[in-house]
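I'd like to go over a predicted model; first the sequence, then the structure.
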Amino acid sequence: MSAIHSPPGPMSQNRAIPAWLTLLIAAASGLIVANIYYAQPLIGPISASLGLSPQAAGLIATMTQIGYGAGLLLVVPLGDLIENRRLVLTILSVAILALAGAAVSTHSETFLVAALFIGVGSVAVQVLVPYAAHLAPETMRGRVVGNIMSGVMLGIMLARPAASLVTEALSWHAVFVFSALLMTGLACVLRIALPSRQPAPGTGYGALLESMGRLARYTDVLQRRALYHAFLFGAFSLFWTTVPLFLADRFHLSQNGIALFALAGVAGAIAAPIAGRVADRGWSKPATGLAMFSVAASFLVSRLGSSGSHAGLAILVLAAILLDFGVTANLVLGQRAIFLLGAEVRGRLNGLYMATFFTVGAIGSAIGGWSYARGGWSWSTWVGLALPLLALSFFLTERKSKTPATAADPVTL
C-alpha cells in the first residue's frame, strides 16, 4: 500500500476515509482499550490467587494505569515521527507479550510487571485515533473521530462485564489468554488492512519530547480543552469509583448486578458520533457547554436515587447515562479541536491531552474513595458536582473571538 505523508495527505485531502476502514479502526480501538479495564472487576480473585494483601490489591489496576500514563507521554508522541502502521503493530506486540505474561503468572511480582506493560501496550489506541484523523478530510474529521470513540467507549464499558463472565465460567487466567489471542489476530488484520502513513521528516526523539513542553505551555486550545476534560473526567472517575460501593451498600447488588448497571455507560458510545457531527457543523462551543451541564445535572439527579428502591435504581441509571453522555461528547469535541492545530503535531497533542485528564481521573478516583468513606453518597455527589461546575466557570472565561473548534494557535516547535 502506498504511504500517506502528512502534510499533505492525499487521502485526508481529497477523499473520505472508507466506511469499512473507520469501522475496523473503531473495533480495533475498542478491543485494545479493553485491556486496561479487564483486571478492575477481578482484583479480588487475582489478589487471592497470587497472595496479594488487601492493602496491595489495588496495585493490580494501578500498575496498568501507570503504564498507560507513561505510554501516553513517551510512546504516543512517536506518531509524529514513526510510520504509524508500524508503530501500532510494535506497540501491540508489547501488549500481546504482556497479556501472555499475565495469563501464565503464578507470582504477584510477575503479574504486576505484566500489568505495567499491558498499560504501555494499550496506548496503541491513542496512535490509532489521530491516525484516523489524518485519513479523514477536515469537513468530516469530527464524524470520523466520533465514530472511532464510539468503539473506544464500547470497549471500556463492555470490558468489565466480559471479564467477570469469563472468570466465572473459567478463570481469571482465561481472560488474559483470550485477550492475547485476540490481539494477535487483530495485529495480523491491521498489518494487512491499514494504509501506511509516514509523518513528515522531523527531529529526533529527544527533540520531540522537548517540544511537548512548548506545546503544553503555548497552545491555548490544548490547555483549555485538557482542563475542561480533566474536570469532567475527574467527575466520571469519582462516580464510577463510588457508585459500585453505593449499589452494594444501599441496593445490595451482587458483582453481576453492578456489572449490568455499568452497561448504562454504553450511552457514551452514542454520544461520540453525535458530538463529532455537531463539531463538524461548527457548533463546538454550545455543545461543550451542554456537555458540562449534562455532567453537572447527572450528580444532582443521582442525589434523588438514594432511596434503595427500584425507582432509586432507575434514577441512578439515568444519572449514569447523563454523565457518560456528557463526558464522551466533551472528549470528542476536545480531540477534534486539538486535531485542527496541525497534522505534524497531532501525536504529541493527543498524548498531552490524554495524559492530563487521565492523571486528574486517577485523582478523582482517590477523592471519590475518600469522600465516600467520610460522608457516604451525599459527600461524593457534592464533590462530583463541584468538578463540572469548575469546568463551566473556566469555560465561561473563553474569549468570544476564539473558540476551540476553530482556533489554531501558532506553536514554535
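Happy to help now that I have it.

make it CA atoms for all contacts and neighbour counts henceforth
Fine.

My guess is residue 221 contacts residue 337. True?
Yes - using C-alpha atoms under 8 Å, residue 221 is in contact with residue 337, at 7.3 Å.

Quickly find the element holding the residue nearest the centre of the chain.
Computing the C-alpha centroid of the chain and ranking residues by C-alpha atoms, centre = their mean puts residue 152 first, at 6.9 Å. Per DSSP states H and E: residue 152 is located in helix 141-169.

what helices or strands is that helix leaning on?
When contacts are defined as 3 or more C-alpha pairs under 8 Å, 6 or more residues apart in numbering; DSSP states H and E, helix 141-169 sits against helix 19-33, helix 125-135, helix 172-193, helix 255-262, helix 267-280, helix 310-339.

any idea of the mean pLDDT for the fifth one?
Mean pLDDT, helix 267-280: 76.

could you check the angle helix 141-169 makes with that helix?
Using axes from the mean of the first three to the mean of the last three C-alpha atoms, to 10 degrees, the direction of helix 267-280 lies 170 degrees away from that of helix 141-169.

counting contacts, what elements does helix 267-280 pack onto?
Applying 3+ C-alpha pairs under 8 Å, 6+ apart, one finds that helix 267-280 makes contact with helix 141-169, helix 284-302, helix 310-339.

What mean pLDDT does the lengthiest helix in the chain get?
Longest helix in the chain, counting residues (DSSP state H): helix 346-395. For helix 346-395, mean pLDDT is 83.

still on that earlier bit, out of the helices and strands packed on helix 141-169, flag the one nearest residue 360.
Residue 360 lies closest to helix 310-339 among the helices and strands packed on helix 141-169, at 13.7 Å (C-alpha to C-alpha).

about what we covered before: so how far is the helix holding residue 152 from its chain's centroid?
10 Å (C-alpha atoms, centre = their mean, to the nearest Å).

average model confidence for that helix?
82.

Just want the angle from that helix to helix 19-33.
50 degrees.

and helix 141-169, which residues are buried?
By 16 or more other C-alpha atoms under 10 Å, the buried positions in helix 141-169 come out as 141-164, 167.

re earlier: so which other helices or strands are in contact with the longest helix of the chain?
For helix 346-395, the packing partners by 3+ C-alpha pairs under 8 Å, 6+ apart are helix 59-74, helix 125-135, helix 205-218, helix 220-250, helix 284-302, helix 310-339.

mind giving me a markdown table with those helices and columns for distance to residue 83?
Output for those, formatted as a markdown table (distance: least, C-alpha to C-alpha, whole Å):
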| stretch | distance to residue 83 |
| --- | --- |
| helix 59-74 | 16 |
| helix 125-135 | 10 |
| helix 205-218 | 14 |
| helix 220-250 | 24 |
| helix 284-302 | 31 |
| helix 310-339 | 18 |
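
With distance to residue 175 and mean neighbour count added, can I get those in TSV?
Below are the helices and strands packed on helix 346-395 laid out as TSV (distance: least, C-alpha to C-alpha, whole Å; neighbours: other C-alpha atoms under 10 Å):
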stretch	distance to residue 175	mean neighbour count
helix 59-74	14	22
helix 125-135	20	25
helix 205-218	35	15
helix 220-250	22	22
helix 284-302	33	22
helix 310-339	26	24
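
Please tabulate the ones you listed in JSON lines, including the columns mean pLDDT and distance to residue 346.
Compiled in JSON lines, the helices and strands packed on helix 346-395 are given as follows (pLDDT from 0 to 100; distance: least, C-alpha to C-alpha, whole Å):
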{"stretch": "helix 59-74", "mean pLDDT": "82", "distance to residue 346": "13"}
{"stretch": "helix 125-135", "mean pLDDT": "85", "distance to residue 346": "6"}
{"stretch": "helix 205-218", "mean pLDDT": "79", "distance to residue 346": "11"}
{"stretch": "helix 220-250", "mean pLDDT": "85", "distance to residue 346": "11"}
{"stretch": "helix 284-302", "mean pLDDT": "91", "distance to residue 346": "19"}
{"stretch": "helix 310-339", "mean pLDDT": "87", "distance to residue 346": "6"}
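
residues near residue 83, how many?
18 (other C-alpha atoms under 10 Å).

ok, it - contacts?
196-199 (C-alpha atoms under 8 Å, 6 or more residues apart in numbering).

mind listing what residue 78 touches?
Residue 78 neighbours (C-alpha under 8 Å, 6+ apart): 87, 205, 347-348.

nearest to residue 99, of those residues?
Residue 99 has its nearest neighbour among those in residue 87, at 18.5 Å by C-alpha to C-alpha.

Could you find the closest non-adjacent residue to the closest one?
Among residues not flanking residue 87 along the chain, residue 79 sits closest, at 7.2 Å (C-alpha to C-alpha, 6 or more residues apart in numbering).

Let me know which of the helices and strands packed on helix 267-280 is the nearest to residue 43.
Checked against C-alpha to C-alpha, the stretch from these lying closest is helix 141-169, at 10.6 Å.

between that closest one and helix 125-135, how many degrees?
Going by the same axes, to 10 degrees, helix 141-169 makes 150 degrees with helix 125-135.

Pretty sure residue 120 sits against residue 74.
No - the criterion here is C-alpha under 8 Å, and residue 120 misses it with residue 74 at 9.4 Å.

hmm, back to that, mind putting the contacts of residue 78 into JSON lines with distance to residue 112?
JSON lines is the format used below for those (distance: C-alpha to C-alpha, whole Å):
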{"residue": "87", "distance to residue 112": "25"}
{"residue": "205", "distance to residue 112": "28"}
{"residue": "347", "distance to residue 112": "28"}
{"residue": "348", "distance to residue 112": "28"}
